[in-house]
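In: Curious how this folds, go ahead:
(2 chains)
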Amino acid sequence: MAGDSRWLAGRGRPARPLLILTVALGELSGILLIVQTALLASIGNRAILQGEGLRELAPRFAELLAVMALRVLLAWAVKRSGFECASVVKRALRRDLIGGLRRLGPLALSRMRAGETSQVLVDSVEALEGYYAGYLPQRAIASLLPFTILAVVFPLDWISGLALSLTAVFLPLSMIVIGEEAHARNQALWASLARISGRFLDALRGLATVKIFGAQRRELEEIERSSEEYRLATMSVLRIAFVSSFMLELITAVSIAIVAVLTGLRLLSGTMGFFPGYFILLIAPEYFLVLRSLGAQYHSRMGAMSAAEQIRELMMKAPPSAEGGDGGTEAKAGAQGGPTAARGSPRRERGGTAVEFRQVAFSYPGRPLFDSLSFSLAEGESLALVGPSGCGKSTLLSLILGLAACQGGSISLGGRELGLIDRSELYEDLAWLPQRPSLFHGTIAYNIGLGRRGASSGEIALAARASHVLDFAELLPSGLDTQVGEGGRSLSAGQIQRVALARLFLRSPGLLLLDEPTAHLDGESEALVRESIRALAEGRSLILATHRSAPGLDRSLVLGAAK
Amino acid sequence: MRRLLRLAALLAPHKGRIALGMALALATLLSNIGLLALSSWFIASMAIAGSLNLAMGYTLPAAGIRALAIIRAAGRYAERLLNHDTTFRILASLRLWFYRRIGPLAPARLEEYRSGDLLARIRADIDGLDDYYVRGLVPAAVALLSASAILPFLARFDGRLALIDGLALAAAGLVVPALLALLAAAPGRAKVRTSAELRASIVEEIEGLSELVVLGAALPHAALMEELDARLCESQRRLNSLGGLGEAGLSAASSLAVWGGSLVLVSLVAAGALPPADLAALSVFVLASFECILPLPAAIQKAGEMAEAARRLFEILDAEPAVSAGSAAKASDSAAEIRSASALGLSIRGLGFRYAPGLPTIFEALDLELPAGGRLGLAGPSGVGKSSLFSLLLRFWDYQEGSIELVAGNGTQGPASYLDLRSLGPDRARSFFSALPQAPFLYHASIRENLLLAAAPGGGPGGPGLEERLLAACEAAQLGDLLAKLPLGLDTIVGETGRAVSGGELQRLVLARALLKEAPIYLLDEPTEGLDDATAEALLDAIARRLAGRSVIIISHRERDFRIAERVQRLDR
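Out: Here you go, the predicted structure:
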């Protein structure tokens, strides 16, 4: 917790000037409030005790109006500058986090939970806003303004000053003690809130399944039980959390009562003037309001602490450049972003790239895959990688792609050591169809165009025809301009496969790496995809991973058989 | 707003707590205003008495001040605790209500949106309605009730005073926030949209970075995320600026009320129409009265969001169920015979079905016979409606023409009995089937919990020997090796995010669940999807053994799956 709070302070450093501005504006507004209160007290004093009327008091009313107008402007300005303060921090943080993900490299990244991570980047970072825009400036104001008020009150009446400062001592004390405990429980609360909400989503997703098994009643009871659990857990947190605000309220109310009664008695005996007494009574609630507003901001601090924990956890997994060590070869691939557009002619005339594996070793923790794998593939040759699921076919392709590094032995492409080939040059020579290709938010044409930057719409249309994307796209109202990906129309597995294949038609690789291109397709789509692959592989080297037989290829390599 | 009132029906069971919660909130608020006003009046009276050397009884006002101070603090604690507890009770009612209502609509009406996105939105909308009560209803009711106490009180002294305070309260609590909520609608929508896009682009980054890198599109994608973040920040800046205007508006309204009120009060005192001590009390009273509208701007802003969430939820719930309720099967002899049969046949005659008028016909005059205890394969290209047939049998959808009947007996031992599927309620109809659906689903929970779904009341047997039955079902689904390998066995967590188990293994787990339920008819959609030939072979043998004597329909586009079918029927366009 202390670590989180230091971390939050550290992240806030770039926003320091804005923070100081926010605090200065807030303090100025507080000083004007003291002036405004004094003006009101003076009007009251002269109207009540000296019997003055509107004519005599007109200058005072004019001054009061001016001060009020200034405070209205400041209310707006404080809010704006607080926001800018938070937005500087949030944007820098998101940039760092995204940079960290990049440095991690694609393969490690693909093992992360996408939904949860995106939640951290968007929502947890958002949860810091209250901390930088509200809590931090308010904390500074809360430690300045009360002293300013006391500095005015003490010369006027030291007894009231003493009463106010004594009661104020209890506030931070009780807040610290209670805050620590509430924070610990708050963490648990957030976790259980996320669990309940996730459980409900699961319940919605599983509706059809639950109906097949006639288990609706069981589901309802489960929802009711988890909600009840949630209520009890939350209430035990709140009973504590609210004690701190109860203490604040009680101290405030009792102090005001004490000041009022003490002032009243001295007024009756004539040992005190009405103006200072009335002023102190009017300023006392404001004095406590400043301290209490810190209590209200305390929740945004706790929210920020939980968020900070999640963010730091992510940063441990994916350290941003400033803090992280050597990212290794994987990271380089990410940082460079692969080839910089396709240089030169879109299609080279050549006979494909040769591949050679020499005693390659690779294993995942607890799951050995290859200990000494050797094979070679001549220029323009085609090879089927055959084996049951889990035998390492996709991993072998990842090794060629440089997405994973060999733990022993070496790989060469076109006679050159893989590690010595510049990444952008490497990727220009490779075309890869993953087992489950991704669609990105955008049109079908955009998704195909990812194959080569700067591809013309004519080239895209040709690629779409060659890969049979047009067969289904022509039937859609917007054709190739149909939105797909998150939030767009959903395409079937076969259609996605064809779009990903179309990307490859825009490239001119020497080596094709295809991962189970027809595994999830029905007969008709399968025939179309096979036909496209034949056209694409013309004059190129090809490695095709499959768990079934692959007729028509030059050679096949059976994996997992030796084990 | 109308929809929020519809939601209010959910509050009925909690009305006692709600009334008490609101009463406590009101008492707390009024005691605070009273504390400040009484204190001011007290010191002003004491000062006047002191200056004129008069005697003044102070025990009563001093006791009043102390009492109000304690009521205020204790009332606030009790009110917050009670109202939060009520909120959580309402939260549970809300989820149960929604789940109950959506039940008959699923999955047909949810499929129309065809996206996990919809379910995520429902979840977010329900989460958004959680503080409907504590942040919406309570502040609104308390503001209204306290204003109707404060203003008549002021009017007893002077009408103008009540008018000034009333106008300022209305401006700060209603007019300005409503206006700003209107102005904030567009940037608010932009913010929600942009943060969804940002989230999606990060998901794409994580899932697709390897592809982006190999394609050379990684840098443009990074630029896209950067731009989305900038746009998000811009829409938030606009919202924040409006929020700042709201605070400035509140400050302006309360300032003007105090200023104008003081003007009136000074003139009243100067004219001798008001005791001087009352001036001190009433000017503080006007100042403090603004506490009652402090939560309103947030409540109004929230009300807009909540009304929008409620609109989306009702839009889904108000859809007609896709299937009729069924005409409560007659307790005829045939019904009794069907209920007791361990294997049932199916007789489908002249079946006609389309998902909606205007959409392509899926079936036209389809005939299909499945004898009791028989195994039928259904082949055909994708999109021909193989999976739709399962949806009809499971009564997720209703067909338009023809008939589907359950058949008991095969005519060899006495006449067969028939029962129309649509005469059964949807739940009743499903009790005759177990199914491996096309898009299988697993909870993010242990393997055991996922399997137990099929052992729920109505889903199959529970009780002693359960563990053995779970293991036997897994064994049949060729999961024996996996379970032996997993350190936690049946207690391994699976589901969307569980990575301990591969895709093919999850598929078989769902199959194990389908085999676990005991039903007269089994519907298996692509049972060997994603399996190599050897595993598929073993799996099919196990299915044949386990389901011997039961009726089975297998949908597949692979010939190998029909090895255990006695007959294969092709469906064609």
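In: any chance you could map the strands in chain B?
Out: For chain B, the strands defined by DSSP state E occupy B:345-354, B:361-370, B:375-379, B:401-408, B:417-420, B:433-436, B:445-446, B:493-494, B:521-525, B:551-555, B:567-570.
In: weakest of the ones you listed by average pLDDT?
Out: Here the lowest mean pLDDT among the strands of chain B goes to strand B:493-494, at a mean of 77.
In: check contacts around B:Ile555.
Out: Going by C-beta atoms under 8 Å, 6 or more residues apart in numbering or on different chains, B:Ile555 touches B:Gly377, B:Leu378, B:Lys386, B:Ser387, B:Leu389, B:Phe390, B:Leu523, B:Leu524, B:Asp525, B:Glu526. Placement of C-beta: from N, CA and C, glycine included.
In: Give the bridge partners for A:Arg416, please.
Out: Under DSSP bridges, the beta-bridge partners of A:Arg416 are A:Leu413.
In: any idea how far it is from A:Val125?
Out: Using C-beta to C-beta, to the nearest Å, A:Arg416 is found at 43 Å from A:Val125.
In: So for the two, which residue has more residues nearby?
Out: A:Val125 (21 against 13; other C-beta atoms under 10 Å in any protein chain shown).
In: Confirm that one sits in a helix?
Out: Yes - counting by DSSP: H, G, I helix; E, B strand; the rest coil, A:Val125 is part of a helix.
In: thinking it is in contact with A:Arg94, fair?
Out: Yes - under the criterion of C-beta atoms under 8 Å, A:Val125 is in contact with A:Arg94, at a separation of 5.7 Å.
In: Sketch out the low-pLDDT regions of chain A for me.
Out: Along chain A, the parts satisfying pLDDT under 70 run over A:1, A:171-196, A:294-296, A:321-350, A:366, A:485-490, A:520, A:522-523, A:549-550, A:561-563.
In: Domains in it, by residue range?
Out: What automatic domain parsing lists as the domains of chain A is A:2-317, A:338-558.
In: Out of those domains, which is closest to B:Pro357?
Out: domain A:338-558 (19.1 Å; C-beta to C-beta).
In: how distant is the closest one from the center of its chain?
Out: Offset of domain A:338-558 from its chain centre (C-alpha atoms, centre = their mean, to the nearest Å): 31 Å.
In: top helix in the chain by residue count?
Out: Just so you know, I chose chain A. The longest helix of chain A (DSSP state H) is helix A:216-269.
In: You answered for a different chain; I wanted chain B.
Out: Under DSSP H, chain B gives helix B:218-270 as its longest helix.
In: Report whether it contacts chain A.
Out: Yes - using C-beta under 8 Å from any C-beta of the partner chain, helix B:218-270 reaches chain A at B:218-222, B:225-226, B:229-230, B:233, B:236-237, B:240-241, B:243-245, B:247-248, B:250-252, B:255-256, B:258-259, B:262-263, B:265-267, B:269-270.
In: How about stretch B:17-30?
Out: No - shown here: stretch B:17-30 not in contact with chain A (C-beta under 8 Å from any C-beta), separated by at least 8.7 Å.
In: on that earlier part again, how about the domains of chain A in CSV, adding distance to B:Lys485?
Out: Formatted as CSV, those follow (distance: least, C-beta to C-beta, whole Å):
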stretch, distance to B:Lys485
domain A:2-317, 20
domain A:338-558, 11
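In: how much space between the residue most central in space within chain A and A:Thr252?
Out: Note on chain A: the residue nearest the mean C-alpha position is A:Leu121, at 1.0 Å, using C-alpha atoms, centre = their mean. As judged by C-beta to C-beta, A:Leu121 and A:Thr252 stand 40 Å apart.
In: Would you report the backbone torsion angles of the residue nearest to the centre of chain A?
Out: Main-chain dihedrals, A:Leu121, degrees, to the nearest 10: phi -70, psi -40.
In: so it makes contact with B:Val203?
Out: No - A:Leu121 is beyond contact range of B:Val203, at 9.9 Å (criterion: C-beta under 8 Å).
In: For those two, list the residues in contact with both.
Out: With C-beta under 8 Å, 6+ apart, A:Leu121 and B:Val203 have no common neighbours.
In: Would you quantify the distance from A:Ala537 to chain B?
Out: Separation of A:Ala537 from chain B (C-beta to the nearest C-beta, to the nearest Å) stands at 17 Å.
In: Next, give phi and psi for the nearest residue to that residue once chain neighbours are set aside.
Out: Spatially, and ignoring its direct neighbours in sequence, A:Ala537 is nearest to A:Leu512 (5.8 Å; C-beta to C-beta, 6 or more residues apart in numbering or on different chains). Note on A:Leu512: backbone dihedrals following degrees, to the nearest 10 are phi -100, psi 130.
In: Quickly list what A:Leu512 is bridged to.
Out: Note on A:Leu512: beta-bridge partners by DSSP bridges are A:Ala431, A:Leu542.
In: Could you pull up the residues touching residue 30?
Out: Going with chain A. Contacts of A:Gly30 were listed using C-beta under 8 Å, 6+ apart, and they are A:Ile141, A:Leu144, A:Leu145, A:Thr148, A:Ile149, A:Val290.
In: oops, chain B please
Out: B:Ser146, B:Ala149.
In: And A:Val254, by the same measure?
Out: Per C-beta under 8 Å, 6+ apart, neighbours of A:Val254: A:Thr167, B:Arg66, B:Ala69, B:Ile70, B:Ala73.
In: now do A:Ser87
Out: A:Glu129, B:Cys233, B:Gln236, B:Arg237.
In: So the last one sits against A:Phe83, correct?
Out: I take that to be B:Arg237. Yes - counting by C-beta under 8 Å, B:Arg237 does reach A:Phe83; the two are 6.6 Å apart.
In: When those two are compared, which one has more neighbours?
Out: A:Phe83 (24 against 15).
In: now the angle from the helix or strand containing that one to helix B:218-270?
Out: Counting by DSSP states H and E, the element that carries A:Phe83 is helix A:54-104. Using axes from the mean of the first three to the mean of the last three C-alpha atoms, to 10 degrees, the inter-axis angle of helix A:54-104 relative to helix B:218-270 is 160 degrees.
In: outside of the helix or strand just after helix A:54-104, which residues touch it?
Out: Where DSSP H and E defines the elements, the next helix or strand beyond helix A:54-104 is helix A:106-110. The contact list for helix A:106-110 (C-beta under 8 Å, 6+ apart) reads A:101, A:318, A:330, A:333-334, A:398, A:403-404, B:205-207, B:209-210, B:212-213.
In: any idea which of those residues has the most stuff around it?
Out: B:Val213 (30 neighbours).
In: Next, count neighbours for the residue lying closest to A:Gln119 once chain neighbours are set aside.
Out: Closest residue to A:Gln119 apart from its sequence neighbours, by C-beta to C-beta, 6+ apart: B:Arg199 at 7.2 Å. B:Arg199: 20 surrounding residues under other C-beta under 10 Å.
In: Assess the claim that B:Arg199 and A:Val120 are in contact.
Out: No - with contact defined as C-beta under 8 Å, B:Arg199 does not reach A:Val120; the gap is 10.3 Å.
In: what's the overlap in contacts for these two?
Out: With C-beta under 8 Å, 6+ apart as the test, B:Arg199 and A:Val120 reach no residue in common.
In: Adding neighbour count, write the contacts of B:Ile555 out as JSON lines.
Out: As requested, the contacts of B:Ile555 are arranged in JSON lines below (neighbours: other C-beta atoms under 10 Å in any protein chain shown):
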{"residue": "B:Gly377", "neighbour count": "21"}
{"residue": "B:Leu378", "neighbour count": "24"}
{"residue": "B:Lys386", "neighbour count": "22"}
{"residue": "B:Ser387", "neighbour count": "18"}
{"residue": "B:Leu389", "neighbour count": "25"}
{"residue": "B:Phe390", "neighbour count": "22"}
{"residue": "B:Leu523", "neighbour count": "24"}
{"residue": "B:Leu524", "neighbour count": "24"}
{"residue": "B:Asp525", "neighbour count": "21"}
{"residue": "B:Glu526", "neighbour count": "21"}
